[in-house]
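Novice: Quick one, fold the following:
(one chain, ligands or ions: 1)
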Amino acid sequence: MQLNTKLNASITAVGGYVPEHRLLNKNLEQIVDTNDEWIQSRTGIKERRILKDPSKATSFLAIQASKNLISKNNIDPLTIDMVIVATTTPDMQIAATAAYVASEIGSYNAFGYDLQAACSGFLFAMSMASGKIESGRYKKVLVVGADKMSSVIDYKDRSTCILFGDGAGAVLFESNNEGLGWQDEYFKSNGDGRESLNVKAGGSLFPATSTTISNRDHYLRQDGRKVFKTAVSAMSDASSTILKRNNLVGEDIDYLVAHQANERIIESIAKRMSLKPSKVLKNIAKYGNTTAATIPLLLYDFQNKFKRGNKIIFAAFGGGFTWGAAYYIWSK
Ligand code: ACO
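Specialist: Sure, this is the predicted structure:
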């Protein structure tokens, strides 16, 4: 085999974790004015996982997913150079969750930082990790996507509380000199979108006050229809740009690994890419939208399906707005 002088970054290990507690559609029927039929037909979601213990936060989910990856793949945590945690629900302001995760998993030689791009966070973090590996300066980069969405969800708002769940997934990036792994990416953002999807208070624009609390401004709010339409067109455009740029058509692609926000969004993108349903990976029915964790949880759940050389398109859309697509060739 001819070896490339250029280093690619490839995923060499995958881990995942979801909390035990299942919040079923029928449980939500007891809390807000909704029903199982509406939720399933409009979103494809049957249940989501919730981290009930109030003393545990996003770092707990991230640590469990990372430990799962480390133990299943016999990784020495001291060999990890860098830890990126993609999250929109960090444990605290200021203190990077990734620094805590790195210490708790025993990666004392690593440095860690958080990346916040809402539901696009994990996609963007994979790109950051790939760049670090391609530079040759770092050998092992752990990328975690973790969110305790239940900490920012208003369980009185039926239009959002049905959508989200808690979870985490992790991947390890290492170098590959056979041309496999991360190939290309097309990422975008548009700040006008922040009016349509946000947690208004708690940042520097609206610091916490008794008024922000009484207005319930610390919960996620969105214009669901606008987010839906923009997500479909943005992810479809980004995916078709990536296909064209790499001389690919839908038939060449083995799997679409797309952010799990709504089954109808995923199916619309797949249709626009002319993908057969068997190529479209989905686990939204079990977990709902876990924000930064959806893509790594798909990789975790379907890892036994992937074969060396499989061509994968990653696509995501999230708050900001932020979105993009990437082309990846499986290397394991
Ligand atoms: N149960 C029953 N009825 C409901 C519910 C519910 N849980 N939620 C809303 N409705 C009602 C509405 O009030 C409305 O009633 P009306 O016609 O009497 O006014 C009706 O259902 C239709 O409402 P729509 O908002 O048009 O419903 P839609 O088909 O668009 O589905 C949904 C709503 C599921 C929120 C959809 O718009 C969606 O998934 N949008 C994308 C949201 C998303 O994915 N956000 C996060 C992505 S980015 C990130 O995660 C950071």
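
Novice: where exactly do the helices run in the chain?
Specialist: Shown for the chain, the helices assigned by DSSP state H span residues 25-29, 36-43, 58-72, 97-104, 121-134, 158-161, 210-214, 224-245, 263-272, 284-287, 294-301.

Novice: so of those, which one's packed in deepest?
Specialist: Among the helices of the chain, ranked by average contacts under mean count of other CB atoms under 10 Å, first place goes to helix 294-301 (a mean of 26). Just so you know, the C-beta spots here come from the backbone N, C-alpha and C atoms, and that holds for glycine as well.

Novice: ok, the residue positioned nearest the centre of the chain to Thr322 distance?
Specialist: Closest residue to the average C-alpha location of the chain: Ala292 at 2.9 Å, with CA atoms, centre = their mean. For Ala292, the distance to Thr322 equals 11 Å [CB to CB, to the nearest Å].

Novice: just Ile94 next, same as before
Specialist: Taken as CB to CB, the span from Ile94 to Thr322 is 22 Å.

Novice: For the residue nearest to the centre of the chain, give me its contacts.
Specialist: Contacts for Ala292 (CB atoms under 8 Å, 6 or more residues apart in numbering) come out as Ala86, Thr87, Thr88, Ala118, Cys119, Gly121, Phe122, Ala125, Gly145, Ala146, Asp147.

Novice: Please name the residues that touch the fourth one.
Specialist: Looking back up the chat, that one is Ala118. Ala118 is in contact with Thr88, Leu197, Thr291, Ala292, Gly318, Gly319, Gly320, Thr322, counting by CB under 8 Å, 6+ apart.

Novice: picking up where we left off before, can you redo the helices of the chain as CSV with distance to Leu78 and mean pLDDT?
Specialist: Shown next, in CSV, are these (distance: least, CB to CB, whole Å; pLDDT from 0 to 100):
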stretch, distance to Leu78, mean pLDDT
helix 25-29, 43, 98
helix 36-43, 42, 98
helix 58-72, 11, 98
helix 97-104, 11, 98
helix 121-134, 18, 98
helix 158-161, 41, 98
helix 210-214, 43, 98
helix 224-245, 36, 98
helix 263-272, 39, 97
helix 284-287, 32, 98
helix 294-301, 23, 98
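
Novice: Looking at those helices, which is nearest to Asp192?
Specialist: helix 224-245 (10.0 Å; CB to CB).

Novice: name the helices or strands packed onto that closest one?
Specialist: On a contact count with 3 or more CB pairs under 8 Å, 6 or more residues apart in numbering; DSSP states H and E, helix 224-245 meets strand 181-189, helix 263-272, strand 311-318, strand 322-329.

Novice: average model confidence for stretch 321-330?
Specialist: Per-residue pLDDT over stretch 321-330 has a mean of 98.

Novice: circling back to that earlier point, turn the helices of the chain into TSV, including distance to Lys140.
Specialist: TSV is the format used below for the helices of the chain (distance: least, CB to CB, whole Å):
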stretch	distance to Lys140
helix 25-29	40
helix 36-43	37
helix 58-72	11
helix 97-104	12
helix 121-134	8
helix 158-161	37
helix 210-214	41
helix 224-245	26
helix 263-272	31
helix 284-287	27
helix 294-301	16
